[in-house]
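Chemist: Need the 3D shape of this:
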Amino acid sequence: MRPLSLRARLTALVLGLLLTALLLIGVTLRVRVGQFVAAQADSSTYGQLSLIVQSGQNSGSTGDTYTYQVYQSLIQAAQAAQTWGVLVAGRTAYPTDNSSRTLPPTAVLDAARRSGRAEWQDVRLLSDGRGNLLGLAVERASGAELTLSVIRNYALIALGALLLAGAAVLWLLRLGLRPLRSMALQAARVGAADLSERMPVKPPQDELHLLAVSLNRMLARLEDTFSRLRDEEARTRAFAADASHELRTPLSAIQGSLEVLERVSDDPAAHETRARLMANLRRESRRAGRLVDDLLTLTRLDAGEALHTAPLDVRALLAGVLDSARDLAPHLLFVLDAPPALMLVANRERLEGAVWNLLRNAAAHTPSGGTVTLRAVPDGSVLNLSVLNPAQLPPEFLPRMFDRFARGPGAVAGGSGLGLAIVRAVAQAHGGEVFAVQHTELLEVGLRLPLKIAG
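Modeler: Have a look, this model is predicted:
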């Protein structure tokens, strides 16, 4: 079965509560009207019996018109109940025409219940002031009819009020839920391709206002998440394409060298050719190996690799990396500029790799005889580790020089194109960042890390 709408459920709830209230009012009214009618009957009976007792007459022929009418009413009520008379202290007083004997007191009530003319009959007793009791059979049909009439009129009024209330509730709910319907239609237009839609936010600041604001915040977060996912997907595709392209070059060179080597393997005069081909194979295989290693390093860092950090002596670490750089490029002058007793909490392997990539990148773009400076400069709560070399880069290239496979003008073949991307990943893994500054004649490239100074 199809579930009821929110509007239908709220309408049913309000009408149910209203109907319950009307029923309670009706029951209360029924009881109160019955009590009122009974009190009126008691008062009327009391007045009639009092007049009869005060008159002291056994008939209505006293000359008093009102007393006579009361007496006739008394006799008619007794005859309607098929009683034998009115009882005063256990004997007949004001007897009817067909009775002259005393009845038990219960006979009056029994006769009243058997009467077809009255809805209810009972006996009212009143003291005459002399120690005697006076009883009167009273017909209450008129009181019951009055009660039923009041209840009937109330039921009609309550039914009309219920219908009017239902119509009013439906109209008010339709008006109140209109913003929700508008928000539902707006939300239906939101799709994965376009998350820029927002819910309309209008005063006053009620529950609907808060709901719209919350939905807009959620949509903003979703839009930001989807945007980052799309960017990451685009970067992943570009990365895969670039990696395939970069790997294809050394693999093609290796394949070509192997084919040539196979053809000249039996030629004694091709010794130099074989030596050259073997050197080419070693060079390209190392290049492919470096590229694969760099790809694995980036993959681990991007996946949030847990870094095991420890306090490191910055000057000693940089001096060790600088010695390896001198072996790589003996035609360059390498200078270390770092203060002593400088401690940094970091992962030794990753930090050495980042500094090595900075030095290797600078060495590849520095002319023979040039100077490459490795510098460590504390700056408040951070440490700037940078490499300076004589180079000029276009300003528009500086923001993207840390991208994967980014190659600036005059790039030297043989690199993986991932060195500076690894530097950025290492900096971010340590809670830092990278920077590149073009000075007048020098290019400064480095990373900025949180610093801990030995005390």
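Chemist: Domains in this protein, by residue range?
Modeler: Listed by automatic domain parsing, the domain ranges of the chain are 6-151, 306-450.
Chemist: Quick one: end-to-end length of the last one, please.
Modeler: For domain 306-450, the first-to-last residue distance is 17 Å (CA to CA, to the nearest Å).
Chemist: and the domains of the chain, which one is worst for confidence?
Modeler: With a mean of 56, domain 6-151 has the lowest mean pLDDT of the domains of the chain.
Chemist: Do you know the pLDDT at the residue nearest to S196 when sequence neighbours are not counted?
Modeler: Among residues not flanking S196 along the chain, E223 sits closest, at 6.6 Å (CB to CB, 6 or more residues apart in numbering). Where you see a C-beta, it was placed from the backbone N, CA and C, and this is true even at glycine. On the pLDDT scale, E223 is placed at 84.
Chemist: Can you name the next helix or strand after whichever helix or strand E223 is part of?
Modeler: Element membership of E223 [criterion: DSSP states H and E] is helix 207-264. Next in sequence after helix 207-264, counting helices and strands by DSSP H and E, comes helix 271-302.
Chemist: Helices of this protein, residue ranges please.
Modeler: 6-55, 65-80, 105-114, 141-176, 178-188, 207-264, 271-302, 314-328, 348-364, 419-429 (DSSP state H).
Chemist: export the ones you listed to CSV and tack on distance to A376?
Modeler: Shown next, in CSV, are the helices of the chain (distance: least, CB to CB, whole Å):
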stretch, distance to A376
helix 6-55, 66
helix 65-80, 122
helix 105-114, 116
helix 141-176, 67
helix 178-188, 54
helix 207-264, 31
helix 271-302, 22
helix 314-328, 5
helix 348-364, 10
helix 419-429, 14
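Chemist: Quick one: closest of the ones you listed to A436.
Modeler: Across the helices of the chain, A436 has its closest neighbour in helix 419-429 (8.7 Å, CB to CB).
Chemist: Just the residues contacting that closest one, thanks.
Modeler: Applying CB atoms under 8 Å, 6 or more residues apart in numbering, the contact partners of helix 419-429 are 294, 297-298, 301-302, 305, 307, 347, 350-351, 353-354, 357-358, 360-361, 401-406, 433-434, 445, 447-449.
Chemist: repeat for stretch 188-204
Modeler: For stretch 188-204, using CB under 8 Å, 6+ apart, the contacting residues are 179, 182-183, 186-187, 209, 211-213, 215-216, 219, 222-223, 226.
Chemist: Same check on stretch 399-409?
Modeler: By CB under 8 Å, 6+ apart, stretch 399-409 touches 235, 238-239, 242-243, 246, 298, 393-394, 397, 417-418, 420-421, 423-424, 434, 436, 445.
Chemist: buried subset of the residues you listed?
Modeler: Listed as buried from those are 239, 242-243, 246, 298, 393, 417-418, 420-421, 423-424, 434, 436, 445; burial here means 16 or more other CB atoms under 10 Å.
Chemist: So which of the residues you listed is the closest to L159?
Modeler: Nearest to L159 among these, counting by CB to CB, is F239 at 75.2 Å.
Chemist: Quick check: closest non-adjacent residue to the closest one.
Modeler: Using CB to CB, 6+ apart, the nearest residue to F239 is R404, at 5.5 Å.
Chemist: thinking again about what came up before, quick one: buried ones out of the contacts of helix 419-429?
Modeler: Judged by 16+ other CB under 10 Å, buried ones among the contacts of helix 419-429: 294, 297-298, 301-302, 347, 350-351, 353-354, 357-358, 360-361, 401-405, 434, 445, 447-449.
Chemist: hang on, the earlier thing: could you give the angle of the helix holding E223 to helix 141-176?
Modeler: Between the axes of helix 207-264 and helix 141-176, defined by axes from the mean of the first three to the mean of the last three CA atoms, to 10 degrees, the angle is 40 degrees.
Chemist: for helix 207-264, packing partners?
Modeler: helix 178-188, helix 271-302 (3 or more CB pairs under 8 Å, 6 or more residues apart in numbering; DSSP states H and E).
Chemist: what about the first one, average pLDDT?
Modeler: Mean pLDDT, taken over the full extent of helix 178-188, equals 77.
Chemist: Give me the angle between it and helix 141-176.
Modeler: 40 degrees.
Chemist: And helix 178-188, what's buried?
Modeler: Buried residues in helix 178-188 (16+ other CB under 10 Å): P179, M183, Q186.
Chemist: for the second one, what are its contacts?
Modeler: Read that as M183. Contacts of M183 (CB under 8 Å, 6+ apart): M199, P200, L208, L211, A212, L215.
Chemist: what about it, distance to F405?
Modeler: Using CB to CB, to the nearest Å, M183 is found at 46 Å from F405.
Chemist: OK, contacts around T28?
Modeler: So T28 contacts nothing (CB under 8 Å, 6+ apart).
Chemist: Could you shift the numbering so residue one becomes 57, and keep it that way?
Modeler: Sounds good: first residue 57 from here, last item T84.
Chemist: Pull up the gap between it and A326, please.
Modeler: 119 Å.
Chemist: Ok, M334 next?
Modeler: Going from M334 to A326 by CB to CB gives 12 Å.
Chemist: How about A385?
Modeler: 33 Å.
Chemist: likewise L337?
Modeler: Distance, L337 to A326, by CB to CB: 15 Å.
Chemist: Please apply the same query to R286.
Modeler: For R286 relative to A326 (CB to CB), the value is 54 Å.
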